[in-house]
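Colleague: Predicted model and sequence follow; I will ask about them next.
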Amino acid sequence: MAVVGQRHSRHTMALQGASVPLPSQHAILTAAVGVPYYEVVPPQDVQPDRPIGYGAFGVVWSVTDPRDGKRVALKKMPSVFQNIVSSKRVYRELRMLCYFIHENVLSALDILQPPHIDYFQEVYVLCELMQSDLHKIVVSPQPLTTDHVKVFLYQILRGLKYLHSARVIHRDIKPGNLLVNSNCVLKICDFGLARIEEPDESIHMTQEVVTQYYRAPEILMGAKHYDSSIDIWSVGCIFAELLSRRILFQAQSPIQQLDLIIELLGTPSCSDMQTACEGAKSHVIQQPHRPPSLAALYTLSSQATHESVHLLCRMLIFDPKKRITAADALAHPFLDEGRLRYHSCMCRCCRTIGGVRHYTHDFEPVCHQPFSYTFEDDLTSVSKVKEKLHKFILEKQKGNRVPLCLNPNSVSFKSFAKEYVVRSNINDFIVTLGFVVAIVQIVHVIKISSISFLYVCCEIWDNTIFQYYRGNVD
Ligand SMILES: [Zn+2]
């Protein structure tokens with residue numbers, strides 16, 4: 001079991017002479033050691049702390065904040081200091097979570113107090129609790145009207161406009177990373193693969209990004225450099241998925257993924273494939289020439305109108321330079337009703353006073369200061385990252401709020417640790433299975449074509465170990 005803090009005594013939790021109850025044996029959050037007193041607020045509901053999600057990097061729980069009784073999401077980032085890449089990635093993600101302030105982008109409400117640096121192994125972040133995500137909604141039987149699609153798409157693009165203005169590329173936009181609460185407010189989450197845009201096109205960027213179904217064609221074709229337009233491609237795929245409630249390009253391998261895209265958009269021209277690697281270009285050129293079949297987008301759903309298909313076609317463009325930006329997409333007429341609905345009753349930027357709605361002057365704000373990497377400049381070893389991260393968290397806790405830590409004696413904490421182990425074993429099994437499938441695929445591909453062999457091998461490699469080595473990205 002990880003060291004997360006010391007057991008509390010009645011003495012540490014009470015003012016002199018005051019009688020304050022011990023933290024509940026079921027509550028996973030409690031005030032940190034050294035806090036003389038804090039008011040215990042009865043929870044707003046009686047739900048026990050429980051797990052609500054598992055990501056590639058950890059576990060998320062729904063817990064009660066003892067300071068105000070509100071339900072919040074507790075994210076555990078485990079094994080932070082295994083190597084320099086994973087520790088820098090967690091540090092970067094934490095900096096981003098603390099930097100972003102936008103209604104459609106998840107941000108950190110608080111970070112739990114870390115133990116002494118000698119015992120510092122894990123990071124725990126508190127975020128706003130979101131009950132669901134777009135993936136769960138798409139696969140559920142609940143109806144998705146055109147109004148839902150418009151307001152969801154509006155919020156995705158609104159959040160992305162903000163992130164892109166901060167020069168941040170998310171690099172893993174997919175329905176599961178778009179959290180939704182019971183009021184249909186949407187927030188972009190999981191910045192584990194995010195990075196800032198690289199203006200120097202000679203610098204190579206990793207291709208091990210974006211879940212395959214939502215991966216832009218330039219990445220599938222081995223582009224060494226790309227920009228925020230890869231996120232817009234993902235949004236196009238999600239837009240189509242919201243309309244049809246089916247994954248738009250659901251392929252078994254990256255090569256098949258590319259083939260499905262070409263089936264819809266037609267064979268790309270040479271200028272559309274400028275950033276592609278030679279193997280990928282050869283693969284496309286050798287295939288019979290295909291005309292575009294965009295009319296198929298009208299069959300996605302009875303809700304697919306000229307307006308929606310027009311916007312969709314502006315996102316699903318092969319050449320990233322011709323793809324629409326988040327800011328321009330927000331100006332498309334298809335999103336006018338989504339904007340109106342969002343700011344009429346869902347947002348926090350507009351106010352209703354005396355029955356009159358007062359709208360904000362800026363419906364889709366940008367981030368005025370780009371996110372900066374300068375904090376990573378001297379992070380040359382795991383111990384340096386550890387030291388900086390520890391200091392960063394302690395500085396973040398210098399506000400007025402009582403710092404929190406985990407209560408390792410709670411029943412919830414015990415199940416929390418146990419469930420994580422189980423999940424890890426399942427992941428290991430899936431990765432092993434992936435390697436076996438990869439070997440079978442390679443043997444199969446050798447029989448079919450030797451020309452694209454190297455390219456295909458690279459893609460299979462990428463596909464199978466992407467999740468396993470997800471931390472090894474720039
Ligand atoms: Zn508003």
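Modeller: Great, that's in hand. Numbering: from 1, shown residues only.
Colleague: residue boundaries of the strands in the protein?
Modeller: For the chain, the strands defined by DSSP state E cover 29-31, 50-55, 58-64, 71-77, 108-111, 123-128, 132-133, 168-169, 178-180, 186-188, 195-196, 351-353, 356-358, 404-406.
Colleague: Can you add mean neighbour count and give these back as a markdown table?
Modeller: Heads up, the C-betas are built off the backbone N, CA and C, glycines and all. Shown next, in a markdown table, are the strands of the chain (neighbours: other CB atoms under 10 Å):
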| stretch | mean neighbour count |
| --- | --- |
| strand 29-31 | 25 |
| strand 50-55 | 16 |
| strand 58-64 | 22 |
| strand 71-77 | 21 |
| strand 108-111 | 20 |
| strand 123-128 | 21 |
| strand 132-133 | 18 |
| strand 168-169 | 24 |
| strand 178-180 | 24 |
| strand 186-188 | 25 |
| strand 195-196 | 18 |
| strand 351-353 | 9 |
| strand 356-358 | 9 |
| strand 404-406 | 24 |
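Colleague: ranking the ones you listed by mean pLDDT, which is last?
Modeller: Mean pLDDT values for those show the minimum at strand 50-55, a mean of 77.
Colleague: Arg314: neighbour count?
Modeller: 17 (other CB atoms under 10 Å).
Colleague: What about the nearest residue to it once chain neighbours are set aside, how many residues nearby?
Modeller: In space, and not counting its chain neighbours, Arg314 is closest to Ile324: 4.0 Å by CB to CB, 6 or more residues apart in numbering. Each residue near Ile324 was counted by other CB under 10 Å, and the total is 21.
Colleague: where's Ile324 relative to the ion, distance?
Modeller: Using CB to the ion, to the nearest Å, one obtains 23 Å as the distance from Ile324 to the ion.
Colleague: what do you get for His204?
Modeller: According to CB to the ion, His204 and the ion sit 41 Å apart.
Colleague: For the closest residue to that residue other than its chain neighbours, grab phi and psi.
Modeller: In space, His204 comes closest to Lys224 once its chain neighbours are excluded; the distance is 4.4 Å by CB to CB, 6+ apart. Torsion angles at Lys224 (phi, psi; degrees, to the nearest 10) stand at phi -90, psi -20.
Colleague: ok, how many other residues are close to Ser383?
Modeller: A total of 12 residues lie near Ser383 under the criterion other CB under 10 Å.
Colleague: Give me the pLDDT for it.
Modeller: pLDDT, read off for Ser383, is 94.
Colleague: now do the one 3 residues further on
Modeller: We note a pLDDT of 95 for Lys386 in this prediction.
Colleague: Check the contact between it and Ile84; I expect there is one.
Modeller: No. If you go by CB atoms under 8 Å, Lys386 and Ile84 don't touch, sitting 10.4 Å apart.
Colleague: quick one: low-confidence ranges for the stretch 201-350 of the chain?
Modeller: The model of the stretch 201-350 of the chain has no residue with pLDDT under 70.
Colleague: His368 and the ion, how far apart?
Modeller: 18 Å.
Colleague: what's around that residue, how many residues?
Modeller: Using other CB under 10 Å, the number of residues around His368 comes to 7.
Colleague: Please report how far it lies from His343.
Modeller: Remark: distance between His368 and His343 (CB to CB, to the nearest Å) = 21 Å.
Colleague: now do His390
Modeller: In this structure, His390 and His343 are 41 Å apart, going by CB to CB.
Colleague: One more: Asp133?
Modeller: From Asp133 to His343 the distance is 23 Å (CB to CB).
Colleague: Can you read off the pLDDT for Ser79?
Modeller: In this model, Ser79 carries a pLDDT of 82.
Colleague: pretty sure it is touching Ser86, no?
Modeller: Yes. The criterion here is CB under 8 Å, and Ser79 meets it with Ser86 at 7.1 Å.
Colleague: Comparing those two, which residue is more hemmed in?
Modeller: Between Ser79 and Ser86, counted using other CB under 10 Å, Ser86 has the larger neighbour count: 20 against 16.
Colleague: Angles on the backbone of whatever residue of the stretch 101-250 of the chain ends up closest to the ion, please.
Modeller: Closest to the ion within the stretch 101-250 of the chain is Glu103: 8.2 Å, counting by CB to the ion. Main-chain dihedrals, Glu103, degrees, to the nearest 10: phi -60, psi -30.
Colleague: again with the one 10 residues further on
Modeller: The phi/psi pair for Gln113 (degrees, to the nearest 10) reads phi -60, psi 130.
Colleague: Contacts only, for it.
Modeller: By CB atoms under 8 Å, 6 or more residues apart in numbering, the contact set of Gln113 is 5, 32, 393-394, 397, 403-405.
Colleague: All good on my end, thank you.
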